[in-house]
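# Predicted model and sequence below, questions to follow.
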Amino acid sequence: MENKVLVFGHKNPDTDSICSSIVSEILSHKNGWDCVEARRLGSVNKETQYVLDYLGIEAPELLEKVEEGQQVLLVDHNEFNQSVEGIEKAEILGVTDHHRIANFETSNPLYYIAKPYGCTSTILFEQFKQFGHKIEKKEAILMASSIISDTLLLKSPTTTEYDKKALQELGKIANINVEEYGLKMLKAGTDLDDFSAEELIDLDAKSLDKNGVKFVIAQVNTVSIEDVLKRKAELENAINEKINKDGLALFVLAITDILNSNSQIIALGEKAISVESAFERKLEDNMMFLKGVVSRKKQLLPVIDKNI
């Protein structure tokens, strides 16, 4: 067991998950918690790597499991099935998150900050203000990048006024043109050519559980849905293998056009009918086009979960 407090986001980390971990470490140090160290629960995606390269910093160390009693802080998630192996026996000291609360419990009291914002880093931004700490350029870029990523440059329906105000101020501190920087960052994450089908469906996949029914909602961002769908047969084979291997009732892959704010979904599994019930439409060749749908958290998960 590490003699440190480890802070990390969810498995298959996105930009908010990685950047919030780093920012949480910085904030903890400013508050006198020098024992806090950031970790990550998976590979760094291309969008996040763009941010790290822009700053010239390394990604947090990979964490594969924690031992019993390990002290941890969670950011950008709370559900145990999205967290590190062994989380059930770790000592969770605190959570900073902007998702629903589910599949989560602790033996001891903890600090828990949950707000219905578009991004975890918006909450961390407010904490910097609350504690009276100056925000330096490094953490400003990390938090701004997180907000840009999670809200798709403020176009996602998850975006709140708090996210908008935070991004505006962080952009000034970071001395960046938010629109220009953000578009380059988002486009960096849409380069999917190097990934196998198995890797692609796992890039940003959230594992979920409702009353013992296991399902996954995965999402990939692109500037051309048509290009991704050229690999449809390959993707469906990978999804079916995942369903059989992990005993899933449903696997939904959302292919999201970040420029036009639409998604094409592929839904497979015995509970695929729940997707039809959720959107009151039939799947055609295992697919459904959803105009204006870009947010898994707000537009996909709630309605699918309700119909599982």
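Cool, got the structure. Numbering: from 1, shown residues only.
# all contacts plus neighbour counts: C-alpha atoms, from now on.
OK.
# can you map out the helices along the stretch 151-300 of the chain?
161-174, 178-188, 197-200, 225-229, 232-246, 273-279 (DSSP state H, counting those that start in this stretch).
# Make JSON lines from the ones you listed and add distance to L55 and mean neighbour count to it.
JSON lines is the format used below for these (distance: least, CA to CA, whole Å; neighbours: other CA atoms under 10 Å):
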{"stretch": "helix 161-174", "distance to L55": "11", "mean neighbour count": "18"}
{"stretch": "helix 178-188", "distance to L55": "13", "mean neighbour count": "17"}
{"stretch": "helix 197-200", "distance to L55": "26", "mean neighbour count": "17"}
{"stretch": "helix 225-229", "distance to L55": "30", "mean neighbour count": "15"}
{"stretch": "helix 232-246", "distance to L55": "34", "mean neighbour count": "16"}
{"stretch": "helix 273-279", "distance to L55": "41", "mean neighbour count": "18"}
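# Next, format these as JSON lines and append mean pLDDT and distance to F131.
Shown next, in JSON lines, are the helices of the stretch 151-300 of the chain (pLDDT from 0 to 100; distance: least, CA to CA, whole Å):
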{"stretch": "helix 161-174", "mean pLDDT": "98", "distance to F131": "16"}
{"stretch": "helix 178-188", "mean pLDDT": "96", "distance to F131": "26"}
{"stretch": "helix 197-200", "mean pLDDT": "96", "distance to F131": "40"}
{"stretch": "helix 225-229", "mean pLDDT": "96", "distance to F131": "44"}
{"stretch": "helix 232-246", "mean pLDDT": "97", "distance to F131": "44"}
{"stretch": "helix 273-279", "mean pLDDT": "96", "distance to F131": "43"}
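# Quick check: which of these is nearest to V303?
Proximity to V303 (CA to CA) singles out helix 273-279 among the helices of the stretch 151-300 of the chain, at 5.3 Å.
# tell me how far that closest one is from the chain's mean position?
Centroid displacement of helix 273-279 relative to its chain, using CA atoms, centre = their mean, to the nearest Å, is 24 Å.
# What lies in contact with it?
Applying CA atoms under 8 Å, 6 or more residues apart in numbering, the contact partners of helix 273-279 are A267, K282, L283, V303, I304, K306, N307, I308.
# quick revisit: let me have the helices of the stretch 151-300 of the chain in CSV, adding distance to G118 as columns.
Below are the helices of the stretch 151-300 of the chain laid out as CSV (distance: least, CA to CA, whole Å):
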stretch, distance to G118
helix 161-174, 6
helix 178-188, 16
helix 197-200, 24
helix 225-229, 24
helix 232-246, 28
helix 273-279, 23
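# right, and those - which one's nearest R296?
Comparing the helices of the stretch 151-300 of the chain by CA to CA, helix 273-279 comes nearest, at 13.0 Å.
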